[in-house]
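Participant: what would the 3D arrangement of this be:
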Amino acid sequence: MKKLFTLLLALLMVFSLAACSGGSGSGGGNGGGDGGNTEPAPTSKTFTYAVGDSPNYMDPAIASDSIGSYVINQIYYPLYYFSPDGILPAAAEKTEVSDDGLVYTITIKDNTWSDGQKVTAEDFVYGPKHALSLGDAEVSYLAWITDYIVNATNYVGAATDTMTDLGIKALDEKTIEFTLVKPCSFFTSLLWGGIYYPLRPDFAPSGDYTWADTVGYPACGAFVPTYIDRAEKIEFAKNPNWFDADKVKVDTMTARIITDMEAQLMAYQTEEIDFATSLSAGTVSKMFDDKELFASGNVNYYMELNMRPETAKNEALLDVNVRKAILYGVDRQAICDAIDAGTIYYPLYGFVPNGIVDPTDGDFRKSGGDLCSYDQEAAKKYLAEAGYSVDNPLELEYYYNQNTTHDTVAAVLKEQLAAIGINLTLKTGDVRTFFDDRDNQANFEAARGAMSADYNDALTYLDMPTFTYQTKACWGDTVYDALMLEIASMSGQERIAKLHEAEKYLVEDQAMVIPLFGYGSACLRKPYVSGDFDNGQGNSIFWYVDVNK
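Facilitator: Take a look at the predicted model:
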């Protein structure tokens, strides 16, 4: 017993000394300090979450997709933010709009960068200038500037110091003026995007996006990055200079990159992470109730067809009858049943999913009704018009990045389309190669697509097929582009009616896209976590997250 007691005492002393040591290179210890200091370190709170892929470069103009936003949401404080209640002011203290709807004058709150410099109106001017300097080949959402801001199209890829007459300027240290080329009733909804985040030229040089992958630059949001490895993890520390820092509950935070859904689930179950964002809905919906499980965002899932003559890889898709055969040959309810995720997934019979506002009728999808259905006989008839049948099948390649859900969808599509006379060959690629092939190279015949809301308006989905939206246009047509151009100058109920007309043309009339289902991403949050909030894009903001184990 004496030997056992002595051993336990020795072990206790070892653990106590280890807990008190600063550690080298950790950034959190006392450095050299007094070697004899054995006072315990103060208790600090930390929060760990996981995302399902590596963020793209951390420059906010580039990393504003749903994965990258899980990181940059925490570092920057934008003019507006996407809250559960819609777009709300953040750094914007007051917004005034001219009578003609062309000039937005915004006064900003007092805030300070993590390096002690004041956040100024000029920082909010430089941010979009920097995005323009990167060019449209790099910045997916650059149209949010070029489509709306005076003279912005003149400066795509230009140096920031040449943008002398851009329609964004600082009137004084706290006031920004945006001058638009046309009225835009939802312009403030665009200001939460990374392309409008504040930046400074001393750390974000014109035309360069690599700066953001090395720690040391300041943050103007709740947290500042302290370690960046986009393949493994990103670590943050509380920004003590943030204007609302006294309400930030955790001292450190980690975003882990766990691409495998099963591995992410296991990390959540073993409490290696407190919050999981990339999971198989079919699996977790059977394991957890709504105390931990929730759906994030308003997402549509669809089959995209490469159907412009300039880019088409399969000429059969130029025939509207072939496209309509696919549209009516898909049983959307059967796909949802195969995924088996309860109410997280639902059949989608239009391009705009549930949850997008219609100012008159409440929900755009509900007021727009069903624009397609499952009708196998109609599908066969359309396919016969194009010269194909079960005995003379059409060969079509479907491209997607693999995970449990995508695999299930592809398998069901293959079986369903075979029944009407389409042999679907399945092609897979890693996620970054897939996105590059689909979005930048148009290197596909048919491909998986999904889109979460960037702002709460149907246009966030319906402008996707337009020529200007796409990096390399592979769907949509000139008639559709003309419809969208009309919508740009409309407002009120007239605009909503025209948006419904455009969606009908897109889906029912031309079958340029094949809607499959709508959903929110399945996420898990530990019961001891609070204070986070979801947004419509399908990611979360952790400014006020708290952990009470």
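Participant: the stretch 301-450 of the chain: helices as residue ranges?
Facilitator: Applying DSSP state H, counting those that start in this stretch to the stretch 301-450 of the chain gives helices spanning 320-329, 332-339, 364-368, 376-385, 404-418, 431-435.
Participant: out of the ones you listed, which is closest to residue 279?
Facilitator: Among the helices of the stretch 301-450 of the chain, the nearest to residue 279 by Cβ to Cβ is helix 404-418 (9.1 Å). Placement of C-beta: from N, CA and C, glycine included.
Participant: got the contact list for the closest one?
Facilitator: For helix 404-418, contacts defined as Cβ atoms under 8 Å, 6 or more residues apart in numbering pick out 261, 280-283, 301, 303, 326, 329-331, 334-335, 338-339, 393, 396, 398, 400, 423-424, 426, 448, 516.
Participant: just how off-centre is it within its chain?
Facilitator: 25 Å (Cα atoms, centre = their mean, to the nearest Å).
Participant: what do you get for stretch 74-94?
Facilitator: The answer for stretch 74-94 is 16 Å, by Cα atoms, centre = their mean.
Participant: buried residues in that stretch?
Facilitator: Residues of stretch 74-94 classed as buried: 74-83, 87, 89-92 (neighbour count, 16 or more other Cβ atoms under 10 Å).
Participant: swap in stretch 227-237?
Facilitator: The neighbour-count criterion (16+ other Cβ under 10 Å) identifies 228, 230, 233-237 as the buried residues of stretch 227-237.
Participant: what's the average pLDDT for it?
Facilitator: When pLDDT is averaged over stretch 227-237, the result is 96.
Participant: can you give me the strands in the stretch 1-150 of the chain?
Facilitator: In the stretch 1-150 of the chain, the strands defined using DSSP state E, counting those that start in this stretch lie at 46-51, 80-83, 86-89, 92-97, 103-108.
Participant: turn those strands into TSV, including mean pLDDT and distance to residue 317.
Facilitator: Putting the strands of the stretch 1-150 of the chain into TSV (pLDDT from 0 to 100; distance: least, Cβ to Cβ, whole Å) gives the following:
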stretch	mean pLDDT	distance to residue 317
strand 46-51	97	34
strand 80-83	86	34
strand 86-89	85	37
strand 92-97	98	43
strand 103-108	98	41
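Participant: could these be laid out in CSV, adding distance to residue 506?
Facilitator: Listed next are those as CSV, based on distance: least, Cβ to Cβ, whole Å:
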stretch, distance to residue 506
strand 46-51, 31
strand 80-83, 25
strand 86-89, 25
strand 92-97, 31
strand 103-108, 30
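Participant: out of the ones you listed, which gets nearest to residue 257?
Facilitator: Using Cβ to Cβ, the nearest of the strands of the stretch 1-150 of the chain to residue 257 is strand 46-51, at 6.0 Å.
Participant: one step back: would you turn the helices of the stretch 301-450 of the chain into JSON lines with mean neighbour count?
Facilitator: Supplementary listing: these in JSON lines, determined by neighbours: other Cβ atoms under 10 Å:
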{"stretch": "helix 320-329", "mean neighbour count": "23"}
{"stretch": "helix 332-339", "mean neighbour count": "18"}
{"stretch": "helix 364-368", "mean neighbour count": "20"}
{"stretch": "helix 376-385", "mean neighbour count": "18"}
{"stretch": "helix 404-418", "mean neighbour count": "18"}
{"stretch": "helix 431-435", "mean neighbour count": "16"}
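Participant: for these, which has the smallest mean pLDDT value?
Facilitator: Across those, helix 431-435 gives the lowest mean pLDDT, at a mean of 89.
Participant: nearest residue to residue 291 in space, please, no chain neighbours.
Facilitator: residue 527 (5.9 Å; Cβ to Cβ, 6 or more residues apart in numbering).
Participant: was I right to think the one you found contacts residue 289?
Facilitator: No: at 10.7 Å, residue 527 and residue 289 do not qualify as touching, with contact defined as Cβ atoms under 8 Å.
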